[in-house]
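In: Provided below for reference: sequence and predicted model.
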Amino acid sequence: MNKHLIRFRKRTVSAVAALAFSANLAWAVDPFPVRDIRVEGLQRVEAGTVFASLPLKVGDTYTDEKGAAAIRALFSLGLFKDVRLETSGDVLVVIVEERPTVADVQFVGAKEFEKEALIKSLREVGLADGRPYDKALTDRAEQELKRQYINKGFYAAEVVTTVTPIERNRVNLTFTVTEGDVAKIKEIRIVGNKAFSESTLRGLFQQDTSGWLSWYTKSDRYSRAKLNADLETLRSYYLSRGYLEFRVDSTQVAISPDKQDVSIAVNVTEGERFTVTGVRLEGNLLEREDEFKSLIAIKVGEPYNVEDLTETTRRFTDYFANFGYAFARVDVRPEVDRVNNRVAFVLQVDPSRRAYVRRINISGNDKTRDEVIRRELRQTEASWYDGNRIKLSRDRVDRLGYFTSVAVDTTEVPGVPDQVDLNFQVAEKPTGSFTLGAGFSSADKLAFNIGMKQENAFGTGNYLALDLNTSKFNTVLVFSTTNPYFTDDGISQALDLYYRSTKPYTDQGGDYRIATAGAGVRYGVPFSEKDRVFFGAAAELTRIIPGTSIPAVYLAYADEFGYTSSTIPLTIGWSRDDRDSGLVPTKGTFQKLALEWGPLGDARYVKGYYQFQFYATMFRDYTFFFNTDLGYGAGYSGKPFPVFKNFYSGGLGSVRGFEQNSLGPRDVTGSYIGGNKKFTLNGEFYVPVPGTGNDRTLRMFTFADYGNVFGENEKIQPRGSVGLGVNWISPMGPLRFVYAYPVIKYAGDKIQNFQFQIGSSF
């Protein structure tokens with residue numbers, strides 16, 4: 001037998017035998033210099049990957065220890081099922097058997113999740129297309145899929161994996177899911193409560209037993225994360241009502257044998273109710289003790305309230321931040337008298353060190369240009385750290401509407417104790433849309449709209465929009481663009497081209513129209529963070545298009561001044577907005593004052609408008625809203641106020657319970673023609689819909705309306721109504737339903753108790 005062949009057979013080490021090298025070597029090989037290294041068995045793995053992992057190089061001396069290390073190194077790559085070392089003369093031969101590669105991953109029976117979401121979850125455990133197949137990895141993938149389903153309440157979900165080998169050492173993976181039914185919360189018990197009823201405490205929870213809106217809110221699905229949030233809410237409820245030593249002792253979650261029902265039991269110890277007897281300040285108060293005392297929200301003589309304590313510490317740290325102390329600390333030390341159920345607090349304050357802002361970093365803005373964000377910042381680099389300016393900067397960036405979230409954190413500069421960096425982390429949202437949709441309202445009937453809108457065109461922060469809307473009474477075509485920073489100091493410029501064809505309310509139908517085409521430019525000048533003054537000019541051409549059932553007042557105006565009127569309206573206005581939200585406000589005010597003046601052209605008039613809105617949080621999740629709309633118009637230079645500039649009232653947006661635009665003066669034909677004077681008062685009280693969880697946009701409300709429109713020298717006869725309503729910004733668009741009962745009405749009024757508005761783009 002050939003000498004080299006004998007040596008070849010004896011010098012073979014497999015991955016199975018690799019462990020033997022670390023202890024008692026069963027296949028000992030005499031050391032020899034490696035003249036060459038050859039790799040066999042590769043299909044997709046690059047040879048360079050193998051050579052880079054080997055602890056042996058050409059010219060090295062082979063030993064059994066180095067051989068074992070080579071096998072372990074290659075096996076640890078996770079790319080091979082088996083690794084063997086053989087020798088042929090002085091050539092080291094590395095023989096590998098690759099693991100199959102995952103060619104495709106499919107899901108059968110998965111309805112609760114989108115495929116992309118499941119693929120993402122599997123990728124996080126290391127399983128994805130193109131990666132080596134591993135049975136242990138597949139087992140982890142099954143467990144991850146089950147975890148995803150359990151998080152959504154599908155406790156009976158089962159996952160079975162099918163592995164199908166295909167050509168070129170690849171496999172297809174199919175995860176067959178049997179979802180089953182979602183487990184519902186059958187019962188929530190709170191044990192140990194004495195001061196408050198169990199129903200009151202259960203009402204604090206986001207999770208609840210099945211209700212009439214559970215199909216939407218999914219509040220009857222158990223979630224550990226939601227339960228923890230509910231327990232924090234429960235704890236906060238007690239701590240804000242004097243129960244200083246309240247605690248949650250335990251929670252038990254039981255699942256029925258068929259995995260369809262979940263029972264939750266929460267055991268609590270309320271403790272005694274404590275009264276606050278005093279607050280004392282200690283530490284460095286920057287010689288501003290009186291200012292700090294004025295910031296104390298803790299109420300002496302009243303039951304302990306953790307919210308007051310939290311608010312006080314927040315005010316202190318914010319006040320310190322206004323002077324550049326970014327790392328101020330406020331330690332609270334309670335002095336508890338359990339005999340008399342009293343507690344006093346010592347607030348130990350330490351401003352630490354003053355800091356400058358070295359650099360402001362912005363991340364997450366892949367589309368939006370840096371300058372669009374930086375021009376909203378009120379905190380500047382190389383200046384004192386100012387908490388108020390930082391908060392204002394964050395709020396201004398958030399109000400741009402380009403981001404789903406805006407977060408700011410402060411990091412110390414290594415080695416420089418008096419400098420910090422600010423990091424603004426934003427998450428962009430799509431700001432452009434193309435819509436083709438329809439809607440239906442009790443006033444305009446079926447309406448169609450098509451539009452293109454880009455709130456952040458090309459990342460510049462400019463607004464660009466084209467809208468076309470048609471309905472029974474109105475047709476609107478508008479092109480507009482706004483540059484919020486036409487100048488560097490924040491003066492905005494808006495350009496508008498528009499065509500509006502309207503048909504004011506009439507009982508007789510008809511095909512007459514009031515058509516207005518125009519173009520205008522407006523500028524907005526900021527005078528403070530909340531106040532802005534607007535002014536602009538436009539050129540308008542209004543035509544009275546005669547047709548059947550045209551009101552006599554339009555014919556009379558056309559006979560005297562013509563069917564076509566041109567005007568150059570000049571506008572000036574002011575607005576102030578300090579509401580806490582533009583979507584669902586709960587506190588704050590909004591005011592707007594606008595004046596339109598037509599000094600040139602065929603129509604000469606002055607038209608003014610004022611709106612005031614007030615929001616206040618009355619109780620937890622309950623909001624009071626008050627709205628005032630006032631309008632007045634008059635003609636001058638011997639001309640009357642143009643009839644086509646009249647105000648209208650009645651229906652949604654004014655006095656509900658009456659048909660849209662049906663209030664105010666009528667002409668001899670019986671048509672409603674509006675008036676040059678208007679006032680509307682609306683009061684609403686919003687309450688959350690039970691079982692809706694965190695959906696702030698779904699709210700019930702009661703309301704009272706009062707107002708009307710009237711003409712010159714006309715007796716004021718206001719109308720009034722009360723009623724109930726529901727507002728919801730649903731996935732299909734805004735929905736509004738009201739039932740109104742007129743309480744102040746007159747003969748001939750058009751009553752419409754039920755009114756609604758449905759739909760947006762879809």
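Out: Arrived safely. These figures come from a predicted structure and were not determined experimentally. Residues are numbered from 1 along each chain as shown.
In: Name the spans of the stretch 601-750 of the chain whose pLDDT lies under the cut-off.
Out: Applying pLDDT under 70 to the stretch 601-750 of the chain flags the ranges 620, 690-696, 729-734.
In: could you redo the last one with a cut-off of 80?
Out: Applying pLDDT under 80 to the predicted model, the residue ranges of the stretch 601-750 of the chain that meet it are 618-621, 660, 667-671, 688-697, 728-735.
In: can you give me the strands for it?
Out: Along the stretch 601-750 of the chain, counting by DSSP state E, counting those that start in this stretch, strands occupy 605-619, 622-635, 677-688, 699-710, 719-730, 733-744.
In: how about Ile119, secondary structure?
Out: helix (DSSP: H, G, I helix; E, B strand; the rest coil).
In: any idea how far it is from Asp104?
Out: Ile119 is 11 Å from Asp104, where distance means Cβ to Cβ, to the nearest Å. For the C-beta atoms, the positions are set from N, CA and C on the backbone; glycine is no exception.
In: Could you give the bridge partners of the spatially closest residue to Glu302 that is not a sequence neighbour?
Out: Excluding the flanking residues, the one nearest Glu302 by Cβ to Cβ, 6 or more residues apart in numbering is Val276, at 6.3 Å. Counting by DSSP bridges, Val276 is bridged to Val343.
In: Which residues are in contact with Val276?
Out: Val276 is in contact with 298-304, 342-345, counting by Cβ atoms under 8 Å, 6 or more residues apart in numbering.
In: Report the helix or strand with the lowest average pLDDT across the chain.
Out: The element with the least model confidence among the helices and strands of the chain, by mean pLDDT, DSSP states H and E, is helix 3-10, at a mean of 34.
In: what's near enough to touch Ala110?
Out: Contacts were defined as Cβ under 8 Å, 6+ apart; by that measure Ala110 touches 118, 175, 177, 179.
In: rerun that using 10 Å as the cut-off
Out: Under the criterion of Cβ atoms under 10 Å, 6 or more residues apart in numbering, the neighbours of Ala110 are 117-118, 145, 148-149, 157, 159, 175-179.
In: Could I get the full set of helices for this structure?
Out: The residue ranges that make up the helices of the chain, judged by DSSP state H, are 3-10, 47-53, 64-75, 115-124, 135-151, 198-202, 214-217, 224-239, 289-294, 306-321, 370-374, 387-399, 552-561.
In: For Val29, which of the ones you listed is the nearest?
Out: Among these, the nearest to Val29 by Cβ to Cβ is helix 64-75 (5.8 Å).
In: which other helices and strands contact that closest one?
Out: Taking 3 or more Cβ pairs under 10 Å, 6 or more residues apart in numbering; DSSP states H and E as the contact definition, the neighbouring helices and strands of helix 64-75 are strand 12-14, helix 47-53, strand 80-88, strand 91-98.
In: What residues of the second one count as buried?
Out: Buried positions in helix 47-53, judged by neighbour count with 16 or more other Cβ atoms under 10 Å: Val50.
In: quick check: mean pLDDT across it?
Out: Model confidence over helix 47-53 averages 85 on the pLDDT scale.
In: ok, for Ile545, nearest residue in space, not its chain neighbours?
Out: Residue nearest to Ile545 in three dimensions, not counting chain neighbours: Arg513, with 4.3 Å by Cβ to Cβ, 6+ apart.
In: Tell me the spacing between that neighbour and Gly651.
Out: Here Arg513 is placed at a distance of 20 Å from Gly651 (Cβ to Cβ).
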